[in-house]
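Trainee: okay, sequence plus prediction incoming.
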Amino acid sequence: MKVFAKTISMLLTLIIAFSAVMIPASVSAAVKYENAEVYLYEYISHEFSASSHSFKLSYSKDGKKYLKAYVDYAGGGDYYVGITGIKATPKDKPVSVRAWYKNKAGEKIYVQKLKVTVKGTKPRFQKFPNIKLNEGTLKVIDHLKYNYTNVEERISDESVVKLDYNSKYTTSDIYTADYTDIGYVKALKKGTATVSYWLKDYNVKVGEFKVTVKNVKTAIQKKYSTVKLNYVEGGKTIPKNSFYTALILKNYHKDAVYTTKFAKPELVKVKTVKKGKVSPNANEKITAVKDGTTKAAIYETMPNGKKTKVGTFYIKIKKKTMAQIVTEQYDADEAPFSTTVQVGEKFDTKDYITCYIPKSFKNYKITYESNNPEILSVDENGIMTAHKENPDYDAQITFTITFSDNSVFQFINAPQVVL
């Protein structure tokens, strides 16, 4: 559920995470190509009281000629400084960028210092995997949104395929099938076309792949030979509790209908999804209703009535407690275990953990306990108040969540309190 894009890496992604920012850090790094949107992420921990709009940036002399910097929220309580190269910096003269904010007393607090060299190196040409598609179908691709500025896509035969990365289309996540802004290639008619990417300012080709449109046999992707699902007592909606059959296929046909038969149909619930809702023909949503393992077979029915067995796969359903589900969400999210508050500040801790609890979970109880109320106190509603400094993180808040299935999730937050 995390928003949080910590990975943009067409050419270079450098991530340095800071656990505290009491001492400003100085980092040297290089952005590889002038006029290229190659991001250098330097993470700033959330160990202070500030918001994204509170940050300011200072450049060394003429720094804005060579790069563009900004501060944004990265999720999980972290902020980052993003760097975009504009022009190659003079030899041995990196640009300094400093991120800072003002505390309540109006003092400047520097939390990050970067020394960045923008190099005029020619980008490496990237050959992307070739694609085979059936006529009229789509395929999601992740390299249409290139990390360069002023990129031009060129198609050798525009009657065969077209590109679109502004339209909404399903992700490749078979469990959620979330709609998002993502790129795809659409097969228009049989034939072959080459798609290439060019830097318009330099007329340099930086990427290429070939699309072949023909009658391709539908198959089940190898990585989905076994689909794992979760199940909790009562059939509540939880992460990885269901999936869409069409999304485990490759080389589907535009007008075909796909149906699934199960060796143990009592383990799952099948819902027919209207064509085009989550993918061009995601005809079935499979939901786990009982723990166990079943073999499944997918069949393809063409408009002329011809029915063909696409292949078989297994569905493994594991029963879990509500606490296990929340723990998995929390761990996958790399949730932070500390925050920073100022003396006298009140902090609502409820949202800190409830965001990891599925909405279908009802009637759970959260209790809060401080091991040192003189430094940090917390009331029954989760409102934490900072009374004294906590430089050694001695004061801790323990969160205990008891769910309706009697499973328990617990974690400890050790905030830092500053003046």
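Mentor: On my side now, so go ahead.
Trainee: low-scoring stretches of the protein, by residue?
Mentor: Counting by pLDDT under 70, the chain contains low-confidence residues at 1-54, 73-78, 120-123, 142-150, 165-182, 201, 275-282, 332-341, 351-352, 415-419.
Trainee: what's the burial count for Val111?
Mentor: Neighbour count for Val111, taken as other CB atoms under 10 Å: 24. C-beta here means a position set from N, CA and C on the backbone, and glycine is covered the same way.
Trainee: give me the element it is part of.
Mentor: Element membership of Val111 [criterion: DSSP states H and E] is strand 108-118.
Trainee: check contacts around Ala297.
Mentor: 260-261, 309-312 (CB atoms under 8 Å, 6 or more residues apart in numbering).
Trainee: which ChimeraX command selects the buried ones in the residues you listed?
Mentor: Buried subset of these, written as a ChimeraX selection, criterion 16 or more other CB atoms under 10 Å:
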select :260,310,311
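Trainee: now the contacts of Ala297 as CSV including distance to Pro303 and secondary structure?
Mentor: Formatted as CSV, those follow (distance: CB to CB, whole Å; DSSP: H, G, I helix; E, B strand; the rest coil):
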residue, distance to Pro303, secondary structure
Thr260, 19, strand
Lys261, 21, strand
Lys309, 18, strand
Val310, 16, strand
Gly311, 21, strand
Thr312, 24, strand
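Trainee: CSV for the contacts of Ala297, including distance to Asp92?
Mentor: Formatted as CSV, the contacts of Ala297 follow (distance: CB to CB, whole Å):
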residue, distance to Asp92
Thr260, 64
Lys261, 69
Lys309, 67
Val310, 61
Gly311, 60
Thr312, 63
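Trainee: now do the strands in the stretch 1-150 of the chain.
Mentor: Here the stretch 1-150 of the chain has its strands, by DSSP state E, counting those that start in this stretch, at 26-31, 40-44, 56-59, 67-75, 78-85, 95-102, 108-118, 126-127, 131-133, 138-141.
Trainee: now the last one: how far from the chain's centre is it?
Mentor: Taking CA atoms, centre = their mean, to the nearest Å, the mean C-alpha location of strand 138-141 is offset from the chain mean by 18 Å.
Trainee: dump that strand to CSV, restricted to CA.
Mentor: The C-alpha coordinates for strand 138-141 follow below in CSV (Å, rounded to 0.1, in the frame of the first residue of the first chain):
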residue,chain,number,x,y,z
LEU,A,138,-2.2,-4.7,-25.2
LYS,A,139,1.0,-5.2,-23.2
VAL,A,140,2.2,-3.1,-20.3
ILE,A,141,5.8,-2.0,-20.6
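Trainee: could you point out which element follows it?
Mentor: strand 151-155.
Trainee: list the buried residues for that next one?
Mentor: 151, 155.
Trainee: neighbouring strands of the helix or strand immediately after that strand in the chain in the sheet, and parallel or not?
Mentor: On the C-terminal side of strand 151-155, the closest following helix or strand by DSSP H and E is strand 161-164. Strand pairing for strand 161-164, using DSSP bridges, gives strand 183-187 (antiparallel).
Trainee: circling back to that earlier point, what is the strand holding Val111 packed up against?
Mentor: strand 26-31, strand 40-44, strand 67-75, strand 78-85, strand 95-102 (3 or more CB pairs under 8 Å, 6 or more residues apart in numbering; DSSP states H and E).
Trainee: that strand vs strand 78-85, what angle?
Mentor: For strand 108-118 against strand 78-85, the angle by axes from the mean of the first three to the mean of the last three CA atoms, to 10 degrees is 40 degrees.
Trainee: Val326 is nearest to which of the strands of the stretch 1-150 of the chain?
Mentor: Of all the strands of the stretch 1-150 of the chain, strand 67-75 sits nearest to Val326, with 17.9 Å by CB to CB.
Trainee: re earlier: and of the contacts of Ala297, the nearest to Ser404?
Mentor: Looking across the contacts of Ala297 and measuring by CB to CB, the closest to Ser404 is Thr260, at 31.9 Å.
Trainee: ok, the closest one touching Lys285?
Mentor: No - the criterion here is CB atoms under 8 Å, and Thr260 misses it with Lys285 at 10.4 Å.
Trainee: what touches both of these two?
Mentor: With CB under 8 Å, 6+ apart, Thr260 and Lys285 have common neighbours 245, 270.
Trainee: this structure: helices as residue ranges?
Mentor: With DSSP state H as the criterion, the chain has helices at 322-332, 350-354.
Trainee: would you mind finding the most buried of those helices?
Mentor: helix 322-332 (a mean of 18; mean count of other CB atoms under 10 Å).
Trainee: with just CA atoms, put it into PDB.
Mentor: Listed in PDB are the C-alpha atoms of helix 322-332, where the atom choice follows Å, rounded to 0.1, in the frame of the first residue of the first chain:
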ATOM      1  CA  MET A 322      -5.300 -11.200  11.400                       C
ATOM      2  CA  ALA A 323      -2.100 -10.400  13.200                       C
ATOM      3  CA  GLN A 324      -0.100 -12.200  10.700                       C
ATOM      4  CA  ILE A 325      -1.700 -10.300   7.800                       C
ATOM      5  CA  VAL A 326      -0.900  -6.900   9.500                       C
ATOM      6  CA  THR A 327       2.700  -8.100  10.300                       C
ATOM      7  CA  GLU A 328       3.300  -8.900   6.700                       C
ATOM      8  CA  GLN A 329       1.900  -5.500   5.600                       C
ATOM      9  CA  TYR A 330       4.000  -3.700   8.200                       C
ATOM     10  CA  ASP A 331       7.200  -5.600   7.300                       C
ATOM     11  CA  ALA A 332       6.800  -5.200   3.500                       C
END
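Trainee: and that helix, what does it pack onto?
Mentor: Judged by 3+ CB pairs under 8 Å, 6+ apart, the packing partners of helix 322-332 are strand 408-413.
Trainee: one more pass at 10 Å, please.
Mentor: Contact analysis of helix 322-332 by 3 or more CB pairs under 10 Å, 6 or more residues apart in numbering; DSSP states H and E lists strand 226-231, helix 350-354, strand 397-402, strand 408-413 as its packing neighbours.
Trainee: quick one: end-to-end distance for stretch 189-209.
Mentor: From its first residue to its last, stretch 189-209 covers 17 Å (CA to CA, to the nearest Å).
Trainee: OK, contacts around Ser377?
Mentor: 346, 368, 370, 383-387, 395, 397 (CB atoms under 10 Å, 6 or more residues apart in numbering).
Trainee: and it, how far from Phe411?
Mentor: Counting by CB to CB, to the nearest Å, the gap from Ser377 to Phe411 is 19 Å.
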